[in-house]
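Asks: Predicted model, plus sequence, below.
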Amino acid sequence: MAADGTAAALEQIESLRFSHEVRLLGEIRRRFGAIPLMDFDASERMLDRRKRDLLGDAVRITEDLLPDVHAVYRTCLKRAGGALLGDLFVQQSPSYNASVFAHDRRFDILVHSALLRDFAPDELHFVFGHELGHVLFRHNAIPVREILAGTEGLPAEAARLLLSWSRAAEISADRIGLLCCGALSAAAGALFKTASGLPGIDTSRVLSSFRRQYDALEKQIHKDADGESWRRTHPMIPIRFKAMELAALDIIALACGSAGFSKRGFQGVDRQISTILSALETVEAA
Ligand SMILES: [Zn+2]
């Protein structure tokens, strides 16, 4: 694995950030002033409060308690560059969900119990990698939900910009998930289970279902000018799949340390995905 705790590894990680996200970060800086959009001390206090709540209400996963899950988590930390410091918690819930709260290089990840029960180890690599991606890319610097909930009279275009960035940031995080799991099939399996709630479906069926549904979604979007669904922080799941499928060969080449990763080729992939997202956002603004 090429991405072990060095500055070069972090630079490699940064090269995976979706370039559409980089452009939107530039727009946010121009619109809102400097990033982070949250006070440093307040963010640290929030992490400490959340840690207290997790220690009180959830169960911390240790090597002793769940050795297999903890081994997957340690592998992901290593693949993500090894410079992060955080705990993994589980909470009883039937829904497939995971979240992260971070401050600087510190973080806590919370996963729901159904996810640990039903996801294969390679799919857990994707889930943990995705959450670590948010930490590495410092996405916590722009707390979109809090800003939207707490800022009265935020102009519609400013809210749209934050939501566009949030969706692009998910695509960046998915790439770290893919880097950690090393296979499109594992990433697709995790997304499929999250979307459908159905474990146990054959990988080839999952892949072909996503491909067909992406094509159907693309056609539907061009027919339907109602942009309501785009007041969402996450891109639609078939779009996340398509973005990963387009980038997968390059990311897996990087994960294997082979010479197959080409920055120029990767920028071409980014343009293709930006076009997909921009087409959707243009429909939204119409
Ligand atoms: Zn995410």
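Replies: Received the coordinates, thanks.

Asks: residues in contact with the residue most central in space within the chain?
Replies: Nearest to the mean C-alpha position of the chain, counting by CA atoms, centre = their mean, stands residue 173 at 3.0 Å. Counting by CB atoms under 8 Å, 6 or more residues apart in numbering, residue 173 touches 130-131, 133-134, 137, 139. All C-beta atoms are positioned from the backbone trio N, CA, C, and that covers glycine.

Asks: what do you get if the cut-off is 7 Å, keeping everything else the same?
Replies: Applying CB atoms under 7 Å, 6 or more residues apart in numbering to residue 173 gives the contacts 130, 133-134, 137.

Asks: quick one: which helix or strand includes it?
Replies: helix 156-181 (DSSP states H and E).

Asks: which is the next helix or strand following that helix?
Replies: Past helix 156-181, the next helix or strand by DSSP H and E is helix 184-196.

Asks: The ion contacts on the stretch 51-200 of the chain?
Replies: Contacts of the stretch 51-200 of the chain with the ion, taken as CB under 5 Å from the ion, map to 170, 173.

Asks: buried stuff in the one helix or strand in the chain whose mean pLDDT sits lowest?
Replies: Within the chain, confidence by mean pLDDT, DSSP states H and E is lowest for helix 263-285 among all helices and strands, at a mean of 74. Buried residues in helix 263-285, counted by 16 or more other CB atoms under 10 Å: 266, 269-270, 273-274, 276-277, 280-281, 283-284.

Asks: Am I right that residue 101 sits in a strand?
Replies: Yes - under DSSP: H, G, I helix; E, B strand; the rest coil, residue 101 sits within a strand.

Asks: show me the contacts for it.
Replies: By CB under 7 Å, 6+ apart, the residues touching residue 101 are 47, 50, 107-108, 140.

Asks: Residue 112 contacts residue 93, correct?
Replies: Yes - Residue 112 is within contact range of residue 93, at 3.8 Å (criterion: CB atoms under 7 Å).

Asks: Can you pick out the residue with more neighbours from these two?
Replies: residue 112 (18 against 13; other CB atoms under 10 Å).

Asks: roughly how far apart are that one and the ion?
Replies: Distance, residue 112 to the ion, using CB to the ion, to the nearest Å: 14 Å.

Asks: go on, residue 265?
Replies: For residue 265, the distance to the ion - CB to the ion - is 25 Å.

Asks: how near is that residue to residue 139?
Replies: Remark: distance between residue 265 and residue 139 (CB to CB, to the nearest Å) = 25 Å.

Asks: Point out where this structure drops to low pLDDT.
Replies: Residue ranges of the chain with pLDDT under 70: 1-8, 82, 224-231, 258-261, 263-264, 282-286.

Asks: which stretches of it form strands?
Replies: Counting by DSSP state E, one finds strands in the chain at the ranges 59-60, 85-91, 98-103, 106-112.

Asks: What strands line up against the second one, and which way round?
Replies: Under the criterion DSSP bridges, strand 85-91 sits next to strand 59-60 (antiparallel), strand 106-112 (parallel) in its sheet.

Asks: which of those strands is buried the deepest?
Replies: strand 106-112 (a mean of 22; mean count of other CB atoms under 10 Å).

Asks: and the angle from that one to strand 98-103?
Replies: If you take axes from the mean of the first three to the mean of the last three CA atoms, to 10 degrees, strand 106-112 sits at 170 degrees to strand 98-103.

Asks: Can you tell me which of the contacts of residue 173 is nearest residue 88?
Replies: Nearest to residue 88 among the contacts of residue 173: residue 130, at 13.4 Å, using CB to CB.

Asks: Do I have it right that the closest one meets residue 172?
Replies: No - taking CB under 7 Å as the definition, residue 130 is not a contact partner of residue 172, at 9.8 Å.

Asks: who has more neighbours, these two?
Replies: Neighbours per residue (other CB under 10 Å) separate residue 130 from residue 172, with residue 130 holding more: 28 against 24.
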